[in-house]
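Asks: Turn this into a model:
(chains A and B)
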Amino acid sequence: GENVEQHPSTLSVQEGDSAVIKCTYSDSASNYFPWYKQELGKRPQLIIDIRSNVGEKKDQRIAVTLNKTAKHFSLHITETQPEDSAVYFCAASKGNYQLIWGAGTKLIIKP
Amino acid sequence: KAGVTQTPRYLIKTRGQQVTLSCSPISGHRSVSWYQQTPGQGLQFLFEYFSETQRNKGNFPGRFSGRQFSNSRSEMNVSTLELGDSALYLCASSLAGGGLREKLFFGSGTQLSVL
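Replies: Reported below is the predicted structural model:
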């Protein structure tokens, strides 16, 4: 069945450095790719999303890139800060009414 | 606007029992979806409701069921609880103009422990 693979499962970076999280999807019909951030003990929140008619989208220090041919998309965080520490989830749409989720990446920002 | 509200926040049950979880979406949101979250497994999709109709269902056994009321509030029921059902159950609401291809607003979840 359709799945989304997310790597790495844990990522530790020095404060101020960049972090990249990658996801690969299997359903070529997927056309919506959101990223959610879940801080410890809190609810997931949407941080950025991209649709298949766009190759890249930026929002301040966060960017997402999409490669439809290779069926993968990536989250890029530049100039990381302590408040970026969280678990990040990617997802890919399946039809109109379902999202297939990655297993999550725990991002640790080292001071 | 009030956010998505889930009750109860914590539940402890024993094997074989059943449980009902509640989710009140943001006012005006008509779609409610449910997820099971366990460490290392991410978010597993359970089902999605819109206007009292289940539009999609994930790969969970029939012990997991849900419904949505005319005011968009939703309930999820798990019957004959198993130890493996211990998890955080999250619901999310959206306007549903674009199905789930739009921003989801999550509740704080119900932490279910099955002993």
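Asks: The lowest-mean-pLDDT helix or strand in chain A close to chain B?
Replies: Least confident helix or strand of chain A, by mean pLDDT, DSSP states H and E, is strand A:98-101 with a mean of 87. Yes: Strand A:98-101 lies within reach of chain B by Cβ under 8 Å from any Cβ of the partner chain, at A:98-101. Yep, even glycine has a C-beta here, placed from its N, CA and C like the rest.
Asks: is any part of the helix or strand encompassing B:Asn77 close to chain A?
Replies: Taking DSSP states H and E as the criterion, B:Asn77 maps to strand B:74-78. No: Strand B:74-78 stays clear of chain A (Cβ under 8 Å from any Cβ), getting no nearer than 14.4 Å.
Asks: isn't B:Gly3 right up against B:Phe105?
Replies: Yes: B:Gly3 is within contact range of B:Phe105, at 6.6 Å (criterion: Cβ atoms under 8 Å).
Asks: And the two? Which one has more around it.
Replies: The neighbour comparison of B:Gly3 against B:Phe105 (other Cβ atoms under 10 Å in any protein chain shown) goes to B:Phe105, with 19 against 14.
Asks: pLDDT score for that one?
Replies: Among the per-residue scores, B:Phe105 shows a pLDDT of 94.
Asks: Within the sheet, what are the partner strands of the least confident helix or strand of chain A, with directions?
Replies: Strand A:98-101 has its sheet partners listed here by DSSP bridges as strand A:86-94 (antiparallel).
Asks: Dump the partner strand to CSV, keeping only the CA atoms.
Replies: Taking Å, rounded to 0.1, in the frame of the first residue of the first chain, the C-alpha atoms of strand A:86-94 are listed here in CSV:
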residue,chain,number,x,y,z
ALA,A,86,10.5,19.1,18.3
VAL,A,87,9.3,16.1,16.4
TYR,A,88,8.6,16.9,12.8
PHE,A,89,6.1,14.9,10.7
CYS,A,90,5.7,14.9,6.9
ALA,A,91,2.6,13.6,5.2
ALA,A,92,1.4,13.0,1.6
SER,A,93,-2.2,13.1,0.4
LYS,A,94,-4.0,10.0,-0.6
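Asks: from the chain's centre, how far out does it sit?
Replies: Mean-position distance between strand A:86-94 and its chain equals 6 Å (Cα atoms, centre = their mean, to the nearest Å).
Asks: for stretch A:104-111, same thing?
Replies: Distance, stretch centre to chain centre, for stretch A:104-111: 13 Å (Cα atoms, centre = their mean).
Asks: Next: stretch B:53-67.
Replies: Remark: stretch B:53-67 is offset 10 Å from the chain centroid, using Cα atoms, centre = their mean.
Asks: Dump the C-alpha coordinates for it into PDB.
Replies: Taking Å, rounded to 0.1, in the frame of the first residue of the first chain, the C-alpha atoms of stretch B:53-67 are listed here in PDB:
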ATOM      1  CA  THR B  53     -20.600  10.800   6.900                       C
ATOM      2  CA  GLN B  54     -17.400   8.800   7.100                       C
ATOM      3  CA  ARG B  55     -15.500   9.600   4.000                       C
ATOM      4  CA  ASN B  56     -12.400   7.500   4.600                       C
ATOM      5  CA  LYS B  57     -11.100   4.800   7.000                       C
ATOM      6  CA  GLY B  58      -7.600   3.700   7.800                       C
ATOM      7  CA  ASN B  59      -6.400   0.200   8.300                       C
ATOM      8  CA  PHE B  60      -7.700  -0.500  11.800                       C
ATOM      9  CA  PRO B  61      -9.900  -3.400  12.900                       C
ATOM     10  CA  GLY B  62     -13.600  -3.100  13.200                       C
ATOM     11  CA  ARG B  63     -13.200  -2.600  17.000                       C
ATOM     12  CA  PHE B  64     -12.500   1.000  16.200                       C
ATOM     13  CA  SER B  65     -15.500   3.000  15.100                       C
ATOM     14  CA  GLY B  66     -16.700   6.600  15.100                       C
ATOM     15  CA  ARG B  67     -19.500   8.900  14.400                       C
END
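Asks: Many thanks, we can stop here.
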